[in-house]
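Q: Need the 3D shape of this:
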Amino acid sequence: MELKITSGKVPRAQKVLIYGPEGIGKTTLAAAFPDPLFLDTEGGSTHLDVKRLETPPGWSELLLTVIQVAQNPDVCRTLVIDTADWAENLCSTEVCLRNNKKNIEEFGYGKGYTYLLEEFQKLLQQLDKVIAAGIHVVVTAHAKMRKFEQPDEMGAYDRWELKLSKHVAPLLKEWADMVLFANYKTIVVTDANGKAKAQGGQRVMYTTHHPCWDAKNRHGLQDELPLEYSAIRDAIEQKVTLRKDGAQAVKNAVKELEKKPKKKTEKPKVETVSRASSAGADVPEKLMDLMVRDDIAEEEIRQVIVDRGKFKAGASWAEMDAAGFIDGWVIPYWDNIRDVIQSDPNRLPF
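A: Residues are numbered from 1 along each chain as shown. Here you go, the predicted model:
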């Protein structure tokens, strides 16, 4: 196989994580990004004149909403998830409901947090699709302070960290291109009597790592900047023109592919009588393969979808597929859907 080597910078949308104490201005900073669309999980953007998506009632709906944004790149230039810690709460609730647990600690031996990490990765995977569509992604999060002590240092000190679980926090920081820590800058001065007093309170953001907080950037930004979008505009918007051209090229390529005649694929042949054999011709092939493999009838899947309140009875597979529901919910949760169907005590054995 011939090696394909490229060189130079590869322009693309930016993944930005903004975190800090409550009320510092994280949401306001995110609202200053180009043409933002808020997925407001906690209602923190109500004081701002911005576009918002309907707040998802649950984790699977959150994933589906992100998928739909990736499929419609013209709806915005920046998708804002406000906030990560509230999104993690939705994720934790989903993991517990799926496993019949009251809370994440009930799993024992840290298993619950492992499941939480695996599930939260699905959100980052869908956000990567938003990035691929040429849309910036900004994720905000709260910060908490904890006592930290390094083995090779004397004494402990306070350190700001993401208000997330110890598994999800490093995953989110690693995923982001730019991690900005927002805080109040306080200067301590000594008066004529030798008493120390705090002055200032200027809102700033830190762009590089410090023993007292995590931060990073890939644009050579100054270590400390005012908490204003203008301070990072060049690092964000210099990519926009190139990215929009790239997004248009992707659209043109998709149109060309749609013009080509699609090869007809035959349904998998079933030698024995299967519940899937009665499925309608409109069932997507990717779903039909799973139905045949696990001997699941179309009516059984539809009943689970209706019982969960995802779609009304009679909704077509084409409608569900166009909404991203097949790839965003049915396929990822197929094992759970199968288990629910097969565990039904009233299910006939054939």
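Q: In the stretch 101-250 of the chain, mark out all the helices, start to finish.
A: Along the stretch 101-250 of the chain, the segments classed as helices by DSSP state H, counting those that start in this stretch run 111-132, 168-175, 233-237, 240-259.
Q: Please parse the protein into its domains.
A: What the record gives for the chain is the domain set 15-245, 275-342, from automatic domain parsing.
Q: Can you flag the weakest of these by average pLDDT?
A: Of all the domains of the chain, the minimum mean pLDDT falls on domain 275-342 (a mean of 84).
Q: so how far does that domain reach from one end to the other?
A: 12 Å (Cα to Cα, to the nearest Å).
Q: Which residue ranges of the stretch 201-350 of the chain form strands?
A: Per DSSP state E, counting those that start in this stretch, the stretch 201-350 of the chain carries strands over the ranges 224-226.
Q: centroid residue for the chain?
A: residue 123 (3.3 Å; Cα atoms, centre = their mean).
Q: Contacts only, for that residue.
A: For residue 123, the contacting residues are 62, 63, 66, 87, 91, by Cβ atoms under 8 Å, 6 or more residues apart in numbering. Where C-beta positions appear, they are placed from N, C-alpha and C, glycine not excepted.
Q: Name the nearest residue to residue 51, sequence neighbours excluded.
A: residue 37 (4.8 Å; Cβ to Cβ, 6 or more residues apart in numbering).
Q: Which strands and helices lie in contact with the one helix or strand that neighbour maps to?
A: Residue 37 is part of strand 36-40, with elements assigned from DSSP states H and E. Where contact means 3 or more Cβ pairs under 8 Å, 6 or more residues apart in numbering; DSSP states H and E, strand 36-40 is packed against helix 26-31, strand 51-52, helix 59-71, strand 78-82.
Q: Okay, now the sheet partners of that strand, with direction.
A: Sheet pairing here is set by DSSP bridges, and for strand 36-40 it gives strand 51-52 (parallel), strand 78-82 (parallel).
Q: So which of those is nearest residue 159?
A: strand 78-82 (24.0 Å; Cβ to Cβ).
Q: In CSV, list the C-alpha atoms belonging to the next helix or strand after that closest one.
A: Once strand 78-82 ends, the next helix or strand along the chain (criterion: DSSP H and E) is helix 84-98. Below are the C-alpha coordinates for helix 84-98, written out as CSV (Å, rounded to 0.1, in the frame of the first residue of the first chain):
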residue,chain,number,x,y,z
ALA,A,84,-20.5,19.4,31.2
ASP,A,85,-21.3,18.6,34.8
TRP,A,86,-25.0,18.7,34.2
ALA,A,87,-24.5,16.6,31.1
GLU,A,88,-22.6,14.1,33.2
ASN,A,89,-25.6,14.0,35.6
LEU,A,90,-27.8,12.9,32.7
CYS,A,91,-25.3,10.3,31.7
SER,A,92,-25.1,8.9,35.2
THR,A,93,-28.8,8.7,35.5
GLU,A,94,-29.0,6.8,32.2
VAL,A,95,-26.3,4.3,33.4
CYS,A,96,-28.1,3.7,36.6
LEU,A,97,-31.6,3.3,35.0
ARG,A,98,-30.1,0.9,32.5
